[in-house]
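Student: structure for this input, please:
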Amino acid sequence: MAERRYFGTDGIRGRANTHPMTPEVALRVGLAAGRMFMSSDDRRHLVVIGKDTRLSGYMIEPALVAGFSSAGMDVRTFGPLPTPGVAMMTRSMRADIGVMISASHNAFLDNGIKLFGPDGYKLSDAVELKIESMMDEDLGAGLAPADGLGRVKRIDDAQARYVEIAKASFPKGLSLQGLRIAVDCANGAGYKVAPTTLYELGAEVFPVGVEPNGLNINENCGSTHPGTLSEAVRACRADIGIALDGDADRVIICDEKGEVIDGDQIMAMVALDWARRGRLTGGGLVATVMSNLGLERALAAEGLTLERTKVGDRYVMERMKEGGFNVGGEQSGHIILHDYATTGDGLMSALQVLAVLVESGRPMSELARQFDKVPQLLENVRFTAGKPLQDAAVKAAIADAEARLAGVGRLLVRPSGTEKLIRVMAEGDDEALVKSVVADVSAAVRAAG
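Tutor: Numbering: from 1, shown residues only. As a prediction, this is how the structure comes out:
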């Protein structure tokens, strides 16, 4: 595959106002993607654009609007809306393309551009590479004539539409009446829709992270800083806590004691519940190479499979579509429920957990441990130059580690898709062995880089 110049594992991402996250690149994205998704018929073509709450969204959005409208596409902007909401609205409004402006769980200093096709799914590698090739061309030939420019409107009820779609995913006949729920919205895209949805379903809601100022998204809050949610759960005596990330496509849960429940346990909870009800399709679920071995064993005990993909929720989604799975996701909290959404949706995933909680009548702390985790250790090793994974000493260290773990665990060594990091992860029943192999491989990578 050709080397990527702009797109990474999840769209284009970088430091705001620094290449590639500049108005010029955003303009080129709009021009190139607009040209690519414009068909030859004479109908009006449409792009929808949502964003999270970070300050640089005010810079990136107008540049995208200029690019798409100059290519002849009509534009509808939503303002702050979760990433899955943008995917849904792309389909429901019959748009030709959808765009989310967000750097997800990153700090406000970063931003990103994610693209969705007319079907609401993230674009494939092949389509992204084609857009990249067009972005560096002279795009003057693709400009619309003066009377063919796109028109731009703001859609004011996008959040209300998303709330109704989310509520419809909660089982009919159930209510959140009597539940005390703490929800941390990371000062991000879900800051209005998540508390509103939970309240309208009957819960007593205790919201935090709902005062965005452009600079505080994900700052000591949200799914990447679960301590804030844990404190809120204990302070409010909540029955459960829910934390979203900046664009609300991932979720972590806390039980009533403030203990954190990761994406692996959430996937197990939903998949096993759906399997008992005959709702689970595909004979199991799809997760990434990072998911815990304990999840795989718990599913196998119920006659279900765990299929693994490389890291990235769009790779999970691609495998789900291929194999007919309706549950998949990542340990980090990207949970994809294909019955309801085309990408990770933190709020809808939380609603399925809440459904299990309500129907069981048991406390969340009893439901939380769907399986015992196998000891797992991840170390991120920074390097400055070269390709450490091609170094002979690193290859030898990896081979030795794999031999030591054979039959009792597994090793994963991979480069980060966004930073100069090599991620070294091992897991197995023998915690001392896991620590030893991670230390040895990390030392070899550090010496090579």
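
Student: SS state for residue 104?
Tutor: The local conformation at residue 104, judged by DSSP: H, G, I helix; E, B strand; the rest coil, is coil.

Student: what count of nearby residues applies to it?
Tutor: By the measure other Cβ atoms under 10 Å, the count of residues near residue 104 is 30. For the C-beta atoms, the positions are set from N, CA and C on the backbone; glycine is no exception.

Student: what residues are up against it?
Tutor: Residue 104 makes contacts with 10, 83, 112, 245, 246, 247, 249, 250, as judged by Cβ atoms under 8 Å, 6 or more residues apart in numbering.

Student: need the three-state assignment for the closest residue to it other than its chain neighbours.
Tutor: With Cβ to Cβ, 6 or more residues apart in numbering as the measure, residue 247 is the residue that lies nearest to residue 104, at 5.1 Å, once sequence neighbours are left out. Assigned by three-state DSSP, the conformation of residue 247 is coil.

Student: quick one: contacts for residue 247?
Tutor: Here residue 247 is in contact with 52, 82, 83, 100, 102, 104, 188, 189, 190 (criterion: Cβ under 8 Å, 6+ apart).

Student: how near is the nearest residue in space to the last one that is not next to it in sequence to residue 214?
Tutor: Think residue 190. For residue 190, the nearest residue in space outside its immediate sequence neighbours is residue 248; the separation is 3.4 Å by Cβ to Cβ, 6+ apart. Distance of residue 248 to residue 214, computed by Cβ to Cβ, to the nearest Å: 17 Å.

Student: more neighbours: which of these two?
Tutor: With neighbours defined as other Cβ under 10 Å, residue 248 and residue 214 compare such that residue 248 has more, 32 against 13.

Student: which elements pack onto the longest helix anywhere in the chain?
Tutor: With residue count as the measure and DSSP state H as the assignment, the chain has helix 431-448 as its longest helix. If you count contacts as 3 or more Cβ pairs under 8 Å, 6 or more residues apart in numbering; DSSP states H and E, helix 431-448 packs onto strand 376-382, helix 392-405, strand 409-415, strand 421-428.

Student: of all these, which one comes closest to residue 283?
Tutor: Judged by Cβ to Cβ, the one of the helices and strands packed on helix 431-448 that comes nearest to residue 283 is strand 409-415, at 22.0 Å.

Student: which helices and strands does that closest one pack with?
Tutor: Taking 3+ Cβ pairs under 8 Å, 6+ apart as the contact definition, the neighbouring helices and strands of strand 409-415 are helix 392-405, strand 421-428, helix 431-448.

Student: for the helices and strands packed on helix 431-448, which one sits closest to residue 137?
Tutor: When the helices and strands packed on helix 431-448 are ranked by distance to residue 137, counting by Cβ to Cβ, first place goes to strand 409-415 at 29.2 Å.

Student: give me the contact list for that closest one.
Tutor: With contacts defined as Cβ under 8 Å, 6+ apart, strand 409-415 is touched by 289-290, 293, 310-311, 374, 389, 398, 401-402, 405, 421-430, 433-434, 437, 441, 445.

Student: follow-up on the earlier one: tabulate the contacts of residue 104 (JSON lines), appending distance to residue 341 and pLDDT.
Tutor: Below are the contacts of residue 104 laid out as JSON lines (distance: Cβ to Cβ, whole Å; pLDDT from 0 to 100):
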{"residue": "10", "distance to residue 341": "16", "pLDDT": "84"}
{"residue": "83", "distance to residue 341": "10", "pLDDT": "97"}
{"residue": "112", "distance to residue 341": "19", "pLDDT": "97"}
{"residue": "245", "distance to residue 341": "15", "pLDDT": "97"}
{"residue": "246", "distance to residue 341": "18", "pLDDT": "98"}
{"residue": "247", "distance to residue 341": "13", "pLDDT": "98"}
{"residue": "249", "distance to residue 341": "9", "pLDDT": "96"}
{"residue": "250", "distance to residue 341": "12", "pLDDT": "95"}
